[in-house]
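Novice: just the structure for this:
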Amino acid sequence: MKAWTLFLINPASVDLSNLEDRIEPLKDAQRALKMISADETQRAHYEMREAALHDKISALNQSYNSGKESMLPLIEAAKQEAEEERQEKERERREKEQALQRERKTILKLSKAGMDFEAIADMTSKSIEEIKQICNGE
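Specialist: Numbers count the residues shown, from 1 in each chain. Below is the predicted model of the structure:
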């Protein structure tokens with residue numbers, strides 16, 4: 001780590017010739033730096049490539065951000081649709097539960113009025129066993 005720090009501060013000041021092989025990436029970096037620095041044309045080419053890459057990244061970021069902004073209305077519409085669907089399912093669940101409660105009340109009233117379980121089963125969508133369970137409070 002110390003060798004990398006020294007190299008980044010002043011690449012020319014680091015003597016890597018006597019360091020062991022574990023610093024091979026640092027040696028590669030120093031060789032590349034010497035090669036780029038040696039030729040002014042190569043250096044200019046490197047700087048132009050770096051600028052082009054930077055411009056490309058900036059363009060991609062701008063494209064991403066503008067795309068994200070254009071997607072916001074679609075995302076909001078999808079959220080709204082999902083919420084409406086959730087509310088509809090909840091309404092249907094409540095209605096179904098209310099219908100079951102009404103059916104239970106009807107079964108209890110018919111049973112209290114003296115109607116037998118078979119007759120109640122014929123009038124409702126419940127089996128005799130289900131009617132017995134409802135009448136027994138289960």
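
Novice: what residues are up against the spatially closest residue to residue 103 that is not a sequence neighbour?
Specialist: Nearest residue to residue 103, sequence neighbours excluded (C-beta to C-beta, 6 or more residues apart in numbering): residue 124, at 6.2 Å. C-betas here are computed from N, CA, C, even on glycine. When contacts are counted by C-beta atoms under 8 Å, 6 or more residues apart in numbering, residue 124 touches 103, 106, 107, 131.

Novice: try residue 41
Specialist: Contacts of residue 41 (C-beta under 8 Å, 6+ apart): none.

Novice: before we move on, back to that, please tell me how far the residue nearest to residue 103 sits from residue 82.
Specialist: Separation of residue 124 from residue 82 (C-beta to C-beta, to the nearest Å) stands at 36 Å.

Novice: hang on, the earlier thing: of the contacts of residue 124, select the buried ones using a ChimeraX command.
Specialist: Applying 16 or more other C-beta atoms under 10 Å to those leaves a buried subset, and the ChimeraX line that selects it is:
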select :107,131
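
Novice: please produce a markdown table containing the contacts of residue 124, extended by secondary structure.
Specialist: Putting the contacts of residue 124 into a markdown table (DSSP: H, G, I helix; E, B strand; the rest coil) gives the following:
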| residue | secondary structure |
| --- | --- |
| 103 | helix |
| 106 | helix |
| 107 | helix |
| 131 | helix |
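
Novice: okay, now the unreliable bits of this structure?
Specialist: 1-23, 26-27, 30-31, 35-38 (pLDDT under 70).

Novice: quick one, helices of it?
Specialist: 2-9, 24-38, 40-112, 117-123, 128-135 (DSSP state H).

Novice: the last one: which residues count as buried?
Specialist: Judged by neighbour count (16+ other C-beta under 10 Å), helix 128-135 contains these buried residues: 130, 131, 134, 135.

Novice: all good on my end, thank you.
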